[in-house]
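1. got a predicted model here, sequence first, then my questions.
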There are 2 protein chains.
Amino acid sequence: LKPLIIRSPETFREKQNIDARVRHRITAIDLKKQTVRDEDLETGKSFEEAFDLLLIATGASPVLPKIPGINAQGVYTLSTLQSGIAIRAAVDQKPPRRVVLVGGGYIGLEMAENFVYRGIQVTVIESASQVMNTIDADMAVLLADELRKNGVELFLDESLQGFDLQEEEVRAVVTDRRTLPADLVVMGLGVRPNTILAQEAGIPIGVTGGIKVNEKMQTEISGVWSAGNCTESFHLVSRRPVAFALGTIANKQGRIAGINMAGGSASFPGIVGTAMVKVFGLEVARTGLQEREARQAGISFAGSKIEARTRAGYYPGAGIIHVKILFEPKSRRLLGGQIVGREGSGKRIDVLATALHAGMTVEEMINLDLGYSPPFSPAWDPILIACRQAAGQV
Amino acid sequence: LKPLIIRSPETFREKQNIDARVRHRITAIDLKKQTVRDEDLETGKSFEEAFDLLLIATGASPVLPKIPGINAQGVYTLSTLQSGIAIRAAVDQKPPRRVVLVGGGYIGLEMAENFVYRGIQVTVIESASQVMNTIDADMAVLLADELRKNGVELFLDESLQGFDLQEEEVRAVVTDRRTLPADLVVMGLGVRPNTILAQEAGIPIGVTGGIKVNEKMQTEISGVWSAGNCTESFHLVSRRPVAFALGTIANKQGRIAGINMAGGSASFPGIVGTAMVKVFGLEVARTGLQEREARQAGISFAGSKIEARTRAGYYPGAGIIHVKILFEPKSRRLLGGQIVGREGSGKRIDVLATALHAGMTVEEMINLDLGYSPPFSPAWDPILIACRQAAGQV
């Protein structure tokens, strides 16, 4: 097994002269005195620590409904490394027969696949009428099919009401329609930015619930910076702030904040909302605005949806790929795209993401000189076919 | 086996009311009379055919040196469907023990792989000091390694002098350094636009040797259009005409010409020079200008070359990917990119191609919101790592 931790506290200390303290918690920030209260979780002692510059990178935490049993044994979240290790240990120690996953988002979908691969019966419940609400319903049905084809029991429009417990241990998940026996439950209802510390210190929070920052990753308080999943991003398509808790964005924001705090100069112009997930044999990707988001942003849209092949039709391994793009009818600019398909489908989203950064129109995109060779693509890349259709040129 | 022919002459006739004549050759164009001379290759008869609009789509033909033995039995080119069928038939009938491929370009590389898979001993000779001269020498060495690792004998800086024949049949290839026994030879020295017909009719040819056209695919003669491998393209990075004989460009040009000739309106702004090839376990892709092309275009350049992984390092199947990008030091604009790597590497070229179309700088590209998920990419996509390095931010 390869390590998930890229750099240890020791490496930070020895190689980079950074005093990285783990098992420490900051319990308060005093902006006037420019200090933080640092609690050593090992000793229980706390002390004041002065700062010249402060970075808040408190991340996000899983959303958990306040219902009885939510803290029972056998009910897990998957957020920190520790929580992943805990699930793994539970499965290794006493393999569950039935797992219920609450929520059909990225966590639910990825966990479903991996529990199935371990031979465990999996049920997913989702209160919405589709899985993965970051893609449109017509694309999400392809995902639901793939889940069911792989033996996952999927209940849509069905919400968690409570748990049946036995000696403080979960035995079943109770929904508004049925009782589902379960030895192990994973809660995957999304995350919320961890901003209480910032809020209590008087650092402004944005409308999204994330900490407000500018392009330099500065908060509205001089000398205080914020980066990662606790922080808002600017959406380059909707031109609005968003809270998008993804590792790739957190990584970029952290780098920008670090460069600027160290006296350099870098800017983070914003995101376009790209995300990907593998669900069994399907690759799923999205970028920009989906229909719901375009509606919420008050941007009128039209769609183009096509089915094509990942490779030249005659080449072995050519699989189905579905591409949907949204564009603004009047300006013709691309608004977003969604891809669901077999091997080689997902990373094609990057063309749409790059085009969104550049503010391209679908007409400009038709003749993009994308890579072609039979093992990798049909002569007309599926992305181009979707753009052609959007332009009314089939 | 899946058919390579997408649409037959019969389908053209019946479904689209297009009189598609195969085994016919146009031997002359009379622009004043607006006629062509059409020779029926079956009957040998020829007749005049009038036109209102004319499209020249005569393609390109393999470059063949004028040396004795070039037409001998056992010496092939790979250009038309028929030439492919001929090679296949020869191999099926009497499997050659030794094949010599003359030229280390796309054809030579793809043929090498497929002959090796059939258990045949393969030698490639190339007069340049590297294979695939459309990528830089430092990237091409990765390809040479892969060829040799897979048992291909590769002789660089070595040029074809002649053939040893026995009863009009090829027995060996003679280079300036040695004699290589061969039962079958494939000539892969590139192609040249077929423009004699156009030239004889007085249709202007460009500096590249291809037929000159504007964005609409019109030649300089009113009512006469040209598309495909006989036609020049405009290179959006060098701002110069180029002759780039690739199916994906031919396809796009044909579509544009067709729309315009039928009374519609479409433009072909140009190409950025994207191309891909699979060589055993390596995916090779390039776009924009390589070092030589930048030099020829008089554009100053700097490079950035990185090695990374195709997936998150801990995810099974994460393979090495090499990315090299070129950019203009003063304007910071991207000039081109080259990728050599394992599965999942090649189509990443599309991000660079799209960025070239948009005229992006490397600094603008650092924060591209590209898709991330461990099965598909590290948190920092290799393309972004190359851009970071180009921007001096490691």
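-> Received it, and whenever you're ready, just let me know what you need. Numbering: from 1, shown residues only, chains lettered A, B, ... in the order given.
2. alpha carbons only for contacts and neighbour counts from here, please
-> OK.
3. now the helices for the stretch 1-150 of chain A?
-> Remark: helices of the stretch 1-150 of chain A, listed N- to C-terminal, are A:9-16, A:81-93, A:106-117, A:137-149; assignment by DSSP state H, counting those that start in this stretch.
4. nearest to chain B, out of these?
-> For the helices of the stretch 1-150 of chain A, proximity to chain B was assessed by C-alpha to the nearest C-alpha; helix A:106-117 is nearest, at 10.3 Å.
5. how far does the closest one sit from its chain's centre?
-> Per C-alpha atoms, centre = their mean, to the nearest Å, the displacement of helix A:106-117 from the mean C-alpha position of its chain is 15 Å.
6. try stretch A:374-388
-> Here the centre of mass of C-alpha atoms in stretch A:374-388, compared against the chain's by C-alpha atoms, centre = their mean, lies 27 Å away.
7. from chain B, how far out is residue A:98?
-> Residue A:98 sits at a distance of 26 Å from chain B (criterion: C-alpha to the nearest C-alpha, to the nearest Å).
8. wait, doesn't that residue sit right on residue A:186?
-> No. Counting by C-alpha atoms under 8 Å, residue A:98 sits too far from residue A:186 to count as a contact (11.5 Å).
9. can you list the low-confidence ranges for chain A?
-> Under the criterion of pLDDT under 70, the regions of chain A flagged as low confidence span A:1-2, A:394.
10. so which residue is dead centre in it?
-> With distances taken as C-alpha atoms, centre = their mean, the residue of chain A nearest its centroid is residue A:246 (4.4 Å).
11. contacting residues for that residue?
-> With contacts defined as C-alpha atoms under 8 Å, 6 or more residues apart in numbering or on different chains, the neighbours of residue A:246 are A:229, A:275.
12. angles on the backbone of it, please.
-> Dihedral pair for residue A:246: phi -130, psi 140, per degrees, to the nearest 10.
13. likewise for the one 4 residues further on?
-> Main-chain dihedrals, residue A:250, degrees, to the nearest 10: phi -60, psi -40.
14. what sits against it?
-> For residue A:250, the contacting residues are A:227-229, by C-alpha under 8 Å, 6+ apart.
15. equivalent analysis for residue A:52, please.
-> By C-alpha under 8 Å, 6+ apart, the contact list for residue A:52 reads A:34, A:223.
16. is stretch A:116-130 up against chain B anywhere?
-> No. Stretch A:116-130 does not reach chain B (C-alpha under 8 Å from any C-alpha of the partner chain); its nearest approach is 14.8 Å.
17. kindly report the same for stretch A:100-107.
-> No. In terms of C-alpha under 8 Å from any C-alpha, no part of stretch A:100-107 sits within range of chain B; the closest distance is 10.3 Å.
18. could the helices of the stretch 1-150 of chain A go into a markdown table alongside distance to residue B:340 and mean neighbour count?
-> As requested, these are exported to a markdown table (distance: least, C-alpha to C-alpha, whole Å; neighbours: other C-alpha atoms under 10 Å in any protein chain shown):
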| stretch | distance to residue B:340 | mean neighbour count |
| --- | --- | --- |
| helix A:9-16 | 32 | 12 |
| helix A:81-93 | 34 | 13 |
| helix A:106-117 | 30 | 20 |
| helix A:137-149 | 32 | 17 |
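19. next, format the ones you listed as CSV and append distance to residue B:34.
-> CSV is the format used below for those (distance: least, C-alpha to C-alpha, whole Å):
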stretch, distance to residue B:34
helix A:9-16, 77
helix A:81-93, 75
helix A:106-117, 63
helix A:137-149, 52
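20. among these, which is nearest residue B:43?
-> Put simply, out of the helices of the stretch 1-150 of chain A the one that sits nearest residue B:43 is helix A:137-149, at 54.6 Å, with distance taken as C-alpha to C-alpha.
21. what's in contact with that closest one?
-> Defining contact as C-alpha under 8 Å, 6+ apart, one finds that helix A:137-149 is touched by A:130-133, A:153-154, A:279-282, A:338-340.
22. let's see it at 7 Å
-> Defining contact as C-alpha atoms under 7 Å, 6 or more residues apart in numbering or on different chains, one finds that helix A:137-149 is touched by A:130-132, A:154.
23. what about those residues, which are in strands?
-> With strands defined by DSSP state E, the entries of the contacts of helix A:137-149 inside them are residue A:154.
24. burial count for the residue lying closest to residue A:289 once chain neighbours are set aside?
-> What sits nearest to residue A:289 in space, not counting adjacent residues and going by C-alpha to C-alpha, 6 or more residues apart in numbering or on different chains, is residue A:336, at 4.8 Å. A count of neighbours around residue A:336, defined by other C-alpha atoms under 10 Å in any protein chain shown, yields 29.
25. quick one: residues contacting residue A:336.
-> A:287-290, A:325-327.
26. how about these, which pair is most distant?
-> Distance extremes for those: the farthest pair is A:287 and A:327 at 12.3 Å, using C-alpha to C-alpha.
27. more neighbours: which of these two?
-> Neighbours of residue A:287 and residue A:327, each counted by other C-alpha under 10 Å, are more numerous for residue A:287; the result is 30 against 25.
28. now do the SS call for the residue nearest to residue A:289.
-> Assigned with DSSP: H, G, I helix; E, B strand; the rest coil, residue A:336 falls in the strand class.
29. quick check: it vs chain B, distance?
-> Looking at residue A:336 against chain B, where the rule is C-alpha to the nearest C-alpha, the gap reads 13 Å.
30. burial count for residue A:191?
-> Taking other C-alpha under 10 Å as the definition, residue A:191 ends up with a neighbour count of 18.
31. what's the answer for residue A:182, then?
-> 24.
32. dump the residue contacts of it.
-> A:98-100, A:170-173.
33. all set now, cheers.
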